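Student: Pasting the sequence and the predicted model now:
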Amino acid sequence: MDNTKKTTRIYTGPAMIANGLIARLNEVNIQPIIKDDHQSGITGGFAMGIPNQVRLFIRQEELEASKDIIDAYLKEVDEVE
């Protein structure tokens, strides 16, 4: 495995909206990396992070192919920054 590949954060927010974005990206064979500090803390025996807030990352080389999908989805659900 190549550990030199970089990732880019594409979304931070409610898990429900993140799941919709994940589904859209999966349709074009992009598998986002999900970071959920709150759930990880519960699993580890301590609570940290904000409940129902996740961060999504994709590999940097996938960013160009996914940018239009991400922008369209976030606009559709009124999550445009």
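Tutor: That came in fine, so what should we check first? Numbers count the residues shown, from 1 in each chain.

Student: List the contacts of the residue nearest to the spatial centre of the chain.
Tutor: Taking Cα atoms, centre = their mean, the centroid of the chain lies closest to Leu56, which sits 1.7 Å from it. Counting by Cβ atoms under 8 Å, 6 or more residues apart in numbering, Leu56 touches Arg9, Ile10, Tyr11, Thr12, Ala18, Leu21, Ile22, Pro32, Ile33, Ile34, Lys35. All C-beta atoms are positioned from the backbone trio N, CA, C, and that covers glycine.

Student: Narrow those to just the buried residues.
Tutor: Ile10, Tyr11, Ala18, Leu21, Ile22, Pro32, Lys35 (16 or more other Cβ atoms under 10 Å).

Student: For my notes, please list the residues you listed in TSV and give distance to Asn52 and pLDDT for each entry.
Tutor: Compiled in TSV, the buried ones among the contacts of Leu56 are given as follows (distance: Cβ to Cβ, whole Å; pLDDT from 0 to 100):
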residue	distance to Asn52	pLDDT
Ile10	18	95
Tyr11	13	94
Ala18	9	95
Leu21	15	95
Ile22	15	96
Pro32	17	95
Lys35	13	89
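
Student: mind listing which of the residues you listed are in strands?
Tutor: Ile10, Tyr11, Lys35 (DSSP state E).

Student: now Arg9, nearest residue through space, not along the chain?
Tutor: Phe57 (5.4 Å; Cβ to Cβ, 6 or more residues apart in numbering).

Student: low pLDDT regions in this structure?
Tutor: By pLDDT under 70, the weakly predicted segments of the chain are 1-4, 37-51, 80-81.
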